[in-house]
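1. whatever this is, show me its structure:
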Amino acid sequence: MLDLVRPEVFDDGHPENVLVLLRRSFAHLCAILSEHGVPQPGQLSLFEFHAYFEYLEQKQQPENRG
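-> You can find the predicted model right below:
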């Protein structure tokens, strides 16, 4: 599979490699959840994490505002 969709930078020591970018994205998502009152989002189960995030996404949609 990795041969079919090869990431641009997969070098383990490179600061912009795929793993670093994914971890950074996860940290950003945790920060968003934390800003919205979710305690310790990095410790949530996968189900809980997705449930919180889906709830916030739905809440941000224009038809659900105000």
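
2. switch to C-alpha atoms for all contacts and neighbour counts from now on
-> Fine.

3. any stretches of the protein with poor pLDDT?
-> Along the chain, segments meeting pLDDT under 70 span 1-14, 65-66.

4. tell me the centre residue of it?
-> Nearest to the mean C-alpha position of the chain, by Cα atoms, centre = their mean, lies residue 26 at 3.7 Å.

5. the strand or helix carrying it - contacts with which helices or strands?
-> In this assignment (DSSP states H and E), residue 26 forms part of helix 18-35. For helix 18-35, not one helix or strand is in contact under the criterion 3 or more Cα pairs under 8 Å, 6 or more residues apart in numbering; DSSP states H and E.

6. for that helix, buried residues please.
-> Buried residues in helix 18-35, counted by 16 or more other Cα atoms under 10 Å: 18, 29, 30, 31, 33.

7. do stretch 54-61 as well
-> Buried, per 16+ other Cα under 10 Å, within stretch 54-61: nothing.

8. what count of nearby residues applies to residue 64?
-> 8 (other Cα atoms under 10 Å).
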